[in-house]
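Asker: Prediction below, plus the sequence it came from.
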Amino acid sequence: MRKRRGTPEPVVSGSERLLFGGPLRYDKGWSEHEDAILKLSFRAMVVRLPGMLASSLRLALQADAPAARIVLAAEAVRGGAQAVSLLAVNSALGRLLTGPDIGQRLRAAAPALLAMAAVSLVGVLLRAASTYAIGRLEPKVERVATELYLERAANVELAAIEDHAFHKLLDTAQYGAESARRMISYGTRVIGALISLVAAAGVLAVLHPVLLPLLVTMTLPSAWSALTNARRRYESFHVWVQHARAGRLISHLLTEPAAAPEIRVHGVGPFLLRHFRSMSETAEAEQARLSRLAARTGLIAAGWTGLATLATYATLGALLLAGAMALSVAGTAVIAIRTGASSLDTLVLEINQLHEEALFVGDLQRLYVEAAERAIPAGGEALPEDPKEIRFEHVTFGYPGDAARPALDDVTLTLPLGRIIALVGENGSGKSTLVKLLAGLYTPDRGRILWDGVDAARADRRLLAERIAMVAQDFKRWPFTARVNVAVGRSAVPMTEERLAMAVTEAGAEEVVADLPRGLDTLLARDFSGGHELSGGQWQRLGIARAAYRRGRVLIVDEPTAALDARAELEVFEKIRALAGSGQTVVLITHRLASVRHADLVHVLEHGRLVESGTPQELLARGGVYAELYALQAEQFTAKVPAPRPS
Ligand SMILES: Nc1ncnc2c1ncn2[C@@H]1O[C@H](COP(=O)(O)OP(=O)(O)OP(=O)(O)O)[C@@H](O)[C@H]1O
């Protein structure tokens, strides 16, 4: 790993070790992006300036072209006005300092003085126009950048979302949209300062050639100091981004409703607070380190600037004493030096800010590119209109980063369509993984999934998803109304009461809805006012209603009855059977083998491998894994209850 000189090893708090198993620092960032340090050098900063300005401009034009044009025009004219103003100063001073009597001198200087007044009025008006247009532009730029971020992020493969490196990019890039917003102001100020600097430098070069390099020497220290500090802040941000997220996570846990009961009953509050404090202190130590370095850099820069200023004014004095410069010219030079130095100062600061923001926008742009590369591919072969079966052929799949053992290992099985197929097996045997592959959420590492003859890997993924309705074990409980929680099953079609009512009935969720204070319009999020909470079983019924609303050809239900009472369980299986009766394929994952009795076909998985397949009756008769699991469950009901111990 390449490390910057002077970057100390991170301090790791006990809290990080205990709660998160180690230091929450990203330390690969610099070696992953070899050019990252180069990006922070002064030369690179200057070289990248046109690109940075162009990317701000592109974003601005995309967000609100008329406002962007107003800003550009106002800044260009304002810079020109400043040059005119300096020339007018020079002319006014020249006329005021030379000539016979003061009245005549004043009259001679009057046009230049009037020109100065007119130019400053124009400047004020242009500044107002620019302020208005920037105010209009900034939120739009942020929105456009955020929309693109969210759109790309929502469209990547599930494997990318679960990938550590991609997640880091998602984490850091989210700050890019805000930076894009800020780049508009900085970019505008850079353009303004550049133009007025050129004006001041032009005037100075005309007055005396030695004044120009002196002006530059005066400003270099603040450039160096600002750049050094920006580089440190950016570096630190990247290393600490995960730590910052963990801090926010702890504070969120302390306030979120889901954790509230346990926090109170188990007294988790003080424990989490203690670790929140300890982690905050670790982060504060990093902030203190940055401030210490910034103060030191600032002091060095200030000393350097002081010496350079002294040298500039000494040179001006020497030129005056030697008679090499007239007093009026020296007066204009002082004004031009002050204007120039302040423009150069502004320029350096603003370029630096622009550069710092551009680094974050760079993260965002990297995310755009990487997300596009990892997007769910568009297009592909069409699936057969009415396939007879889906066949897994020697399918092997392992989760990224989990090299120990594949979750599915050389699985070959058939899922006949229009039937109820049950997947059975102990925890971790690969059932959920199998249905995720079936739904196209992952693609096999080896082997094929065939819809009749068509390989799902070559099929159009959107068309494949169209056919699937899924109630996963951890299906999303959307913090919206009950209506949306059902209709989100197929949000692309217009929401109709008829379709909603049918889905609710098919899932047997009528009672759940009837019990809600505002029926389908009840908000199902306790953390909003008027929000209502459902029980696990009630949620599960809504989840099934959502899948019914979707009307996919293949209904995948993963543990549909885990949170249901015995009566509800029976009812739900009745509903699922009815769905299958209407020609729909049901792929059912359940641990309750009594419910599997009605399946047309059962596949039994063990450690990621298929160990048995057949009808429930065949499997019971065979006396294998299924029969063993079945007997175990049956025993629980037939075993004699031990007699109470005598007291
Ligand atoms: N997103 C994931 N990332 C990494 N590993 C995973 C992921 N999901 C599951 N696994 C691993 O894959 C294996 C199979 O898990 P899977 O969820 O498919 O089992 P299952 O049969 O559905 O289990 P259960 O009955 O407990 O739901 C397990 O070892 C699990 O740890």
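Answerer: Perfect, I can see it now. Numbers count the residues shown, from 1 in each chain.
Asker: Which residue ranges of this protein form strands?
Answerer: Taking DSSP state E to define them, one finds strands in the chain at 389-397, 408-416, 420-425, 446-451, 454-455, 468-471, 554-558, 585-589, 601-606, 609-614.
Asker: Quick one: name the residues of the stretch 301-450 of the chain near the ligand.
Answerer: Within the stretch 301-450 of the chain, the positions near the ligand by Cβ under 6 Å from any ligand atom are 399, 402, 407, 425, 427, 428, 429, 430, 431, 432, 433. Placement of C-beta: from N, CA and C, glycine included.
Asker: Mind doing that once more with 5 Å?
Answerer: 399, 402, 407, 427, 428, 429, 430, 431, 432, 433 (Cβ under 5 Å from any ligand atom).
Asker: shouldn't the third one be in contact with residue 435?
Answerer: No. In this structure, residue 407 sits apart from residue 435 without contact. The criterion is Cβ atoms under 8 Å, and the distance is 11.8 Å.
Asker: for the record, mean pLDDT for the helix of greatest length in the chain?
Answerer: With secondary structure taken from DSSP state H, the chain has its longest helix at helix 42-97. For helix 42-97, mean pLDDT is 82.
Asker: go on, stretch 191-202?
Answerer: 78.
Asker: just stretch 502-517 next, same as before
Answerer: Summarised as a single mean, pLDDT over stretch 502-517 is 91.
Asker: For it, give the distance from the opening residue to the closing one.
Answerer: End-to-end span of stretch 502-517 (Cα to Cα, to the nearest Å): 20 Å.
Asker: now that stretch, how far from the chain's geometric center?
Answerer: Computed by Cα atoms, centre = their mean, to the nearest Å, the separation of stretch 502-517 from the middle of its chain amounts to 36 Å.
Asker: Buried ones in that stretch, by neighbour count?
Answerer: Residues 503, 504, 506, 507, 508, 509, 512, 513, 516 are the ones in stretch 502-517 that count as buried (16 or more other Cβ atoms under 10 Å).
Asker: Roughly how far does the residue sitting furthest away from the middle of the chain sit from the ligand?
Answerer: What lies farthest from the middle of the chain is residue 100; by Cα atoms, centre = their mean that is 71.3 Å. To the ligand, residue 100 is 92 Å away according to Cβ to the nearest ligand atom, to the nearest Å.
Asker: picking that back up, looking at the buried residues of stretch 502-517, point me to the pair that's furthest apart.
Answerer: The largest separation in the buried residues of stretch 502-517, counting by Cβ to Cβ, is between 506 and 516 at 18.1 Å.
Asker: Quick check: the residue of the stretch 51-200 of the chain found nearest the ligand vs residue 214, distance?
Answerer: Residue nearest to the ligand within the stretch 51-200 of the chain: residue 162 (5.7 Å; Cβ to the nearest ligand atom). Per Cβ to Cβ, to the nearest Å, residue 162 is found 58 Å from residue 214.
Asker: Out of the residues of the stretch 301-450 of the chain next to the ligand, name the ones that lie in helices.
Answerer: Secondary structure defined by DSSP H assigns 431, 432, 433 of those to helices.
Asker: which among these end up buried?
Answerer: 431, 432, 433.
Asker: export stretch 452-471 as PDB, just CAs?
Answerer: What follows is stretch 452-471, C-alpha atoms only, in PDB (Å, rounded to 0.1, in the frame of the first residue of the first chain):
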ATOM      1  CA  ASP A 452     -37.600 -24.100 -21.700                       C
ATOM      2  CA  GLY A 453     -34.600 -23.700 -24.100                       C
ATOM      3  CA  VAL A 454     -33.700 -20.100 -23.300                       C
ATOM      4  CA  ASP A 455     -30.800 -19.400 -20.900                       C
ATOM      5  CA  ALA A 456     -31.800 -16.800 -18.300                       C
ATOM      6  CA  ALA A 457     -28.300 -15.300 -18.500                       C
ATOM      7  CA  ARG A 458     -29.000 -14.200 -22.100                       C
ATOM      8  CA  ALA A 459     -32.600 -13.300 -21.500                       C
ATOM      9  CA  ASP A 460     -33.900  -9.700 -21.100                       C
ATOM     10  CA  ARG A 461     -33.600  -9.200 -17.300                       C
ATOM     11  CA  ARG A 462     -36.500  -6.800 -17.200                       C
ATOM     12  CA  LEU A 463     -38.800  -9.200 -19.000                       C
ATOM     13  CA  LEU A 464     -37.700 -12.000 -16.600                       C
ATOM     14  CA  ALA A 465     -38.500  -9.800 -13.500                       C
ATOM     15  CA  GLU A 466     -41.900  -9.100 -15.000                       C
ATOM     16  CA  ARG A 467     -42.800 -12.700 -14.600                       C
ATOM     17  CA  ILE A 468     -41.700 -13.000 -11.000                       C
ATOM     18  CA  ALA A 469     -43.600 -12.000  -7.900                       C
ATOM     19  CA  MET A 470     -41.700 -12.500  -4.700                       C
ATOM     20  CA  VAL A 471     -42.400 -12.400  -1.000                       C
END
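Asker: any idea how far that stretch is from the chain center?
Answerer: For stretch 452-471, the distance to the chain centre is 28 Å (Cα atoms, centre = their mean).
Asker: who touches it?
Answerer: 376-384, 387-389, 435, 438-440, 443-444, 448-451, 489, 540, 543-544, 546-548, 550-558, 560 (Cβ atoms under 8 Å, 6 or more residues apart in numbering).
Asker: Repeat the analysis, applying 7 Å as the threshold.
Answerer: With contact meaning Cβ atoms under 7 Å, 6 or more residues apart in numbering, stretch 452-471 is reached by 376-377, 379-384, 387-389, 439-440, 443, 448-449, 451, 489, 543-544, 547, 550-558, 560.
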